[in-house]
Each structure stands twice: as C-alpha cells, then as structure tokens.
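Peer 1: quick check, what structure comes out for this input:
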Amino acid sequence: MADTGEDSQTRRPEAAPAAAPARGGPPVAPPAEPRRLPLPPDREPPGSAPPLNSGFREAYALLVDLRGSPKTWIALSLALGVLAVIVLNMIGQVRLNTWQGDFFNAIEKKDLAAVGRQLLFFLPIAGALLCLVVAQTWMHEMLKVRIRATVTRRLLDMWLAPQRAYRLGVTSALGVNPDQRMQEDVRHLAELTADLGIGFVHHVLLLGTFVGVLWVLSSGIAIPVGGGEAVVIPGYMVWAALLYAGAGSWLAWRIGRPLIRLHVERYEKEAEFRFGLVRVSESAEAVALYRGERDERGYIDKTFEGVLGAMRRVVFAIARLTWITSGYGWIAIVVPTVVALPGYFYGGLTLGGLMMVIGAFNQVQQALRWFVDNYAKIADWRASLHRVVIFDEAMKALDDEEQLETRIETGPHPEGRLAFRNVSVLLADGRVLIKEANTEIGPGARVLIVGESGSGKSTLFRAVAGLWPWGSGTILLPPREQMMFLPQKPYLPLGTLRAALAYPSAPDAFATEALCAVLERVRLAEFAPMLDREERWDRLLSMGEQQRLAFARLLLQKPRWVFLDEATAALDDENQAQVMSIFDDELKDATLISIGHRAGLERYHTRTLELAEAHGEKLALRTRDPARPKSRLFRRLRTMLPGRARKSEGGA
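Peer 2: Take a look at the predicted model:
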C-alpha cells in the first residue's frame, strides 16, 4: 500500500471553537460554518393539513408517475368497463322511471289488467339492472386490486432501488415507517379512489341523464302567485334541486374541512404506535434482560394514547359533519313532494306525473348530494393521497442528489486498486468528518483501519460501499463483482437457512455438500441438517453465530476484496482466529480491509490506516507500521496532548 500526497485533515463532528491567534503571528480566522447539503425533507410538518388546492396536483403527479408502470392498461380497461356499465345502468334507470309513471297511472285508474302488464314489464327491466349491478360490483372491486398493485409496485421499485431505502432512512423522517405508507396508506388510497371515483362518475352521469327529464317534467308545475294566477318557471324543479344541493354542499365543506388534517394526524399516530410495537418485538430479548418492560409499556401507552386522542378528534369531527349529512338526507325526503305539490294541486300533473317528477328529482338530488354524503371519505382519501405522494416525492428527491456537485464520486480504478482522491466525508447535516484524504491500497494488502470512536471509520466504510454520497472527492474502486462487505450485524433474509447462507445468490446456487463444508469450516456444523428449515434465523442464531455465518458466505462467494466493519465484534478469541484464518488459507490472495477495535486484530493485517487526531480539531488519514509497539508511557503521553480526550473505544 502506498501513500499519495500529504496527510489529509478533517474537522471533528463537533463544532470546533474559534482558534486563538498564535503569539507573534496574525490572527487565525475561525473555521467557516459547514454548508448543509440538500436533503429530501418532509414537505409539511407532522400533523399539518395538505393545501386544499393541492389535491388535484398531487393526484396528477401520481398518475404521471404511474403512466409507465406495467399492467397499467388493466386498470384503465377496468375503469372503461365500469364507465360502460354505468352508462347502460343510466339507460335502465330512465326506463325504470318511465315505467314507474305508467304503473302509478294504472293504479290511479284502477285498471287491474294494466297493473298486471306493468308488473310483467318490470321483470326484464329489473333483471337487466341486476346483471349490470353485479358486473359493476365485480369490476369495481377488481379496480381496487389493480390500483393497489400498480401503486405498491411503483413504490417498491423506487424504495428497493440500489441504496435508496438506506439513504431515505438516513436523511428523512419519511424513511422511519415506509411499511405503513406502502401497505396501509396505499390500501386505503386504492379502496377510496375506486369508491369515490366510480361514485363520482356514476352521479355525474346520473345528473346528466335526469336533469333533462326533470326540466321537461317541470313544465307542468304552476306556482300560484295570488289573484287566481299561476306562473310557470322553466326548469323549476331543477333550480330547486341545485339550490338545495348547493346549500348542503357548502355546509358540509365548511363543517368537515378539519377532517383532512385530523386524518393525516391520525395516520401519523398509528404509524408511531405500530413502530413502537415492532421495535419491542424485534428487541424482546434485550428488553427482557434489562427488565425494561415497564419502560417500554410506558412508551407504547404514550403512543397509543396519541392514537386514541387522534381517533376521538376524528369522531367528534365526523359527528359534527353528520348533523349536516343526515339532516340533509331527512329533509330531502319531503323536499321534492313539497316543491312539486303546486303542480299537482293547481296544474295538470296527474298522480303518476307527480311520482315521475319526484322520482326524477330524487335522482338529480342523489347526484348533487354526492359531495355532501362523501365528504368524510373525501377527507380520508385526501389524507391518504398526501402521505403516499410525499413518500414518492421524498424518494424522487434522492435522485436529485445524484446530480449534486458536492458528493463523493465513485468509479473503477484502471489497475483494479482502491484509491482515495481528495476524499472529504460529511455527516448528513453537512458537518465534516474527514477532509481531503489521499491514499491507495493495492491488491493483496491487509489493512486495518483504526481510530477513535466518532472519527468516521464506519462512515468511510459506507462511502466505499457507495451508501454515503455526502462529501466530495473521488473513490476509485476495484470491480464491484469482486467486492464483498461484512457489517457488524449480518443480514439474514426470511426463509430457509440455505437461502440465508447463499445470500445474495439464489438458494440453489451452491450444492448441499458445499454448504455443509463451509458451515463446518466456521464451526456451525450442527446447523447442517437444518438447511431446508424455515425459521427466523436472525432471532434463532446468536450474534456470534450470525457473524460466523457471514464468514461462511465469504467461502462460497470467494470475493477478491473483503471489507469488514467490526465483523468479529461478537466472537471470542478462538472463533475470531478460526474465521480470520480463512484469509491465510482459502482466501489467501484476497485483499482484506478491516475496521475494528478488538485486541489481536492487528496480527491478521500487515498495515494500519489510522484516522488520527491533530491539534485537537483535525483528523489525519495516514499509515503506520503495526509492528512497532508503543509503550504504556507513550500512550499516556499521547493522551495528554492538547485537545486529546480519552474516549471509549466503541463503534466507529
């Protein structure tokens, strides 16, 4: 391994105090405030209501994103099929309304034979309408399935793009509970979109169908004005329906407007409660060992009280809205009769004509009252749409970071080496960890990266892996297919032990004999008979066993470059020696780059890359020979240097 250039320096994560002027020299300028990098933020603070005029914009943005999704045509076909059925249903409803007038006229004339004929006419009309309703119901429910499948797959494609789930969790609060947004919020959005969308189209067509009928039927209604005179108002019943529906819609909007904000708040509280439950479930052993059940119960009770409080506020808001919606419905029972009675008493309306007018008025009124009846659902839909769209936008904002000038660039090294070219590593909020580091590591090297806790070792590890773009400079890498990273906590996928051992390859990528051999090599032979057993292996295996399983993966994958981040922290000395001997035998030609604090790790490495401190506020990246032991007196003197503070040797 060769050093290129001088030792590079970086600012510590804590804000450094202004430097004092040196004796006899010019004053030193205080360090500049680090520039914050642009991050994908939450667009609104928690619990805030989305802008009322942004619903169509957000819906349009989501539709544009879904435009290129596979099988979107199925959802469009179902929507068009529902539209066709609704049109046919409207035609049937008009025919049913005409039949209703003929039927009541026959009753008024006491014509029993005509009543019988009308009943026979009713049977095919009712049968056709029944078939249309069944077809509409089937397509309606299938449309919910397709909408959910399309939106969920779109979000999954974005979330599980390389490194995006990690970066979202690091940079945005939206990454805390993505499961809630992709499962519950998308399900709710799909169901409400289908229900409200089909309902809206149905009522618009219903209005267009019956408003003309009602206008014509209104011509027979005369309004007495005194003196024996009567006035015929064109479209009298239509204007009455519009006035009544307009008043009800305005009241519903006025009273129900807070529901949007309350639903957003409720879903956030539900997500916090669910996160708390999952957190305790995943950490049940640690909670039990600390006997922390009471503390965890206190936290869960607090979050659950937040859920109940949000639900109570929603309940009170819905109850206030119900005064309008239910009162509107009850009054609508008598409104058409009262409005049309002058035509029956003073005009030429027969009883059958009156019933036709009332039926047409009810159909128009049913169409116009859609907003009143569905305002609570609209508010709920608006809240779900908002949560899904801001999650989608947060992930798209991560793509914008790819275009930032101030980011760590990675690329292939022409000679297959690992090189740092003026690399500065920043925290996500813009504070500097490492500044302008320069070094190069060649194939076959055995390098141990050491440094104090918080000096940026693990962050440098993530930058090499491409997970941490915040900073500047260039990292030149060996071929990606020759690299393998082992974090302190290995990832074990759900499923069989065979799948966990072969990961990231397919479970059937390696022969059973090879799997058993590598298990025996890392002293896990007792698990060989369980290769095809499905368990939660991340819970069944101890952390030490999981780390040994990760080394077994190395034997299967045979990478040329291996990066370890505290990968033996849970192993005793004997098991650490067992797994590290892999680099003396099976992987003796591999390059090894390790981060660790364990005593004895240096014997497995030939060089050390140290993130060392200078002048109390800077970090320097340099190499030193690990074979040169330092006395206890030297170490004590080193801790007494200005700015040097003793720190626990925790994780990087």
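Peer 1: let me know the pLDDT of Arg312.
Peer 2: Note on Arg312: pLDDT of 91.
Peer 1: that one and Lys377, how far apart?
Peer 2: 20 Å (Cβ to Cβ, to the nearest Å). Yep, even glycine has a C-beta here, placed from its N, CA and C like the rest.
Peer 1: who has more neighbours out of those two?
Peer 2: Lys377 (15 against 12; other Cβ atoms under 10 Å).
Peer 1: give me the next element, helix or strand, following the one helix or strand the more buried one maps to.
Peer 2: For Lys377, the enclosing helix or strand under DSSP states H and E is helix 375-401. Using DSSP H and E, the helix or strand that follows helix 375-401 in sequence is strand 409-412.
Peer 1: C-terminal to that following strand, what's the next element?
Peer 2: Assignment by DSSP H and E places the next element after strand 409-412 at strand 418-426.
Peer 1: show me what that next one packs onto, helices and strands only.
Peer 2: Secondary-structure packing of strand 418-426 (3 or more Cβ pairs under 8 Å, 6 or more residues apart in numbering; DSSP states H and E): strand 8-11, strand 432-441, helix 457-465, strand 471-477.
Peer 1: quick one: strands adjacent to that strand?
Peer 2: With DSSP bridges as the test, strand 418-426 is paired with strand 432-441 (antiparallel), strand 471-477 (antiparallel).
Peer 1: report the inter-axis angle for it versus helix 457-465.
Peer 2: 120 degrees (axes from the mean of the first three to the mean of the last three Cα atoms, to 10 degrees).
Peer 1: for strand 418-426, which positions count as buried?
Peer 2: Neighbour counts over strand 418-426 (16 or more other Cβ atoms under 10 Å) mark Leu418, Ala419, Phe420, Arg421, Val423, Ser424, Val425, Leu426 as buried.
Peer 1: what's the closest of those residues to Asp301?
Peer 2: Nearest to Asp301 out of these is Leu426 (Cβ to Cβ; 39.0 Å).
Peer 1: for the residue nearest the centre of the chain, which non-adjacent residue is closest in space?
Peer 2: For the chain, the residue nearest the mean C-alpha position is Pro178 (3.4 Å; Cα atoms, centre = their mean). Using Cβ to Cβ, 6 or more residues apart in numbering and skipping residues adjacent in sequence, the residue nearest Pro178 is Trp159, 6.1 Å away.
Peer 1: what does Leu321 give?
Peer 2: Gly256 (4.3 Å).
Peer 1: list the buried residues for the helix holding Lys377?
Peer 2: Quick answer for helix 375-401 (16+ other Cβ under 10 Å): 375-376, 378-395, 397-398, 401.
Peer 1: with stretch 233-242 instead?
Peer 2: Applying 16+ other Cβ under 10 Å to stretch 233-242 flags Gly235, Tyr236, Met237, Val238, Ala240, Ala241 as buried.
Peer 1: repeat for stretch 100-115
Peer 2: Gln100, Gly101, Asp102, Phe103, Phe104, Asn105, Ala106, Ile107, Val115.
Peer 1: are we agreed that Pro559 is in a helix?
Peer 2: No: counting by DSSP: H, G, I helix; E, B strand; the rest coil, Pro559 falls outside a helix, being coil.
Peer 1: ok, now how distant is it from Ala511?
Peer 2: Distance, Pro559 to Ala511, by Cβ to Cβ: 19 Å.
Peer 1: where does the prediction get shaky in this structure?
Peer 2: Along the chain, segments meeting pLDDT under 70 span 1-55, 68, 172-176, 219-232, 285, 343, 346-350, 400-405, 428-430, 612-652.
Peer 1: still on that earlier bit, could the helices and strands packed on strand 418-426 be laid out in CSV, adding distance to Leu515 and mean neighbour count?
Peer 2: Formatted as CSV, those follow (distance: least, Cβ to Cβ, whole Å; neighbours: other Cβ atoms under 10 Å):
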stretch, distance to Leu515, mean neighbour count
strand 8-11, 43, 22
strand 432-441, 32, 22
helix 457-465, 26, 23
strand 471-477, 29, 20
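Peer 1: Val364 is nearest to which of these?
Peer 2: Using Cβ to Cβ, the helices and strands packed on strand 418-426 put helix 457-465 closest to Val364, at 63.4 Å.
Peer 1: which residues sit against the closest one?
Peer 2: Applying Cβ atoms under 8 Å, 6 or more residues apart in numbering, the contact partners of helix 457-465 are 408, 418, 423, 425, 427, 433-434, 449-451, 468-469, 471, 475, 477, 485, 563, 565-566, 595, 611, 651-652.
Peer 1: may I have the beta-bridge partners of Leu476?
Peer 2: Here Leu476, judged by DSSP bridges, has bridge partners Gly411, Ala419.
Peer 1: quick one on the thing from earlier: what sits against the residue nearest to Leu321?
Peer 2: Here Gly256 is in contact with Ala317, Arg320, Leu321, Ile324, Tyr375, Ala376, Ala379 (Cβ under 8 Å, 6+ apart).
Peer 1: right, and the first one touches Leu259 too?
Peer 2: Put plainly, it is Ala317. Yes: applying Cβ atoms under 8 Å as the test, Ala317 and Leu259 come out as touching, 5.0 Å apart.
Peer 1: tally of neighbours for Lys71?
Peer 2: The burial count for Lys71: 11, using other Cβ under 10 Å.
Peer 1: skipping adjacent residues, who's closest to it in space?
Peer 2: In space, Lys71 is closest to Thr150, 6.9 Å off (Cβ to Cβ, 6+ apart).
Peer 1: what helix or strand is the one you found on?
Peer 2: helix 112-159.
Peer 1: next structured bit after that helix?
Peer 2: Under the assignment DSSP H and E, the closest C-terminal helix or strand after helix 112-159 is helix 164-171.
Peer 1: for the residue nearest to Glu409 when sequence neighbours are not counted, give its distance to Thr171.
Peer 2: Distance criterion Cβ to Cβ, 6+ apart; nearest residue to Glu409, sequence neighbours excluded, is Thr474 at 4.7 Å. Here the criterion is Cβ to Cβ. By it, Thr474 lies 22 Å from Thr171.
Peer 1: Leu78 - nearest residue in space that isn't next to it in sequence?
Peer 2: Closest to Leu78 by Cβ to Cβ, 6+ apart is Leu143, at 4.5 Å.
Peer 1: residues near the one you found, how many?
Peer 2: For Leu143, the count of nearby residues is 25 (other Cβ under 10 Å).
Peer 1: same question for Leu289.
Peer 2: 8.
Peer 1: do the same with Ser581
Peer 2: 14.
Peer 1: Pro559 now?
Peer 2: So Pro559, with other Cβ under 10 Å, has 18 neighbours.
Peer 1: what's the closest non-adjacent residue to it?
Peer 2: Nearest non-adjacent residue to Pro559, counting by Cβ to Cβ, 6+ apart: Met484, 3.8 Å away.
Peer 1: tell me the SS of that neighbour?
Peer 2: Under three-state DSSP, Met484 comes out as strand.
Peer 1: residue contacts, it?
Peer 2: The neighbourhood of Met484, defined by Cβ under 8 Å, 6+ apart, consists of Arg553, Leu554, Gln557, Pro559, Trp561, Val562, Phe563.
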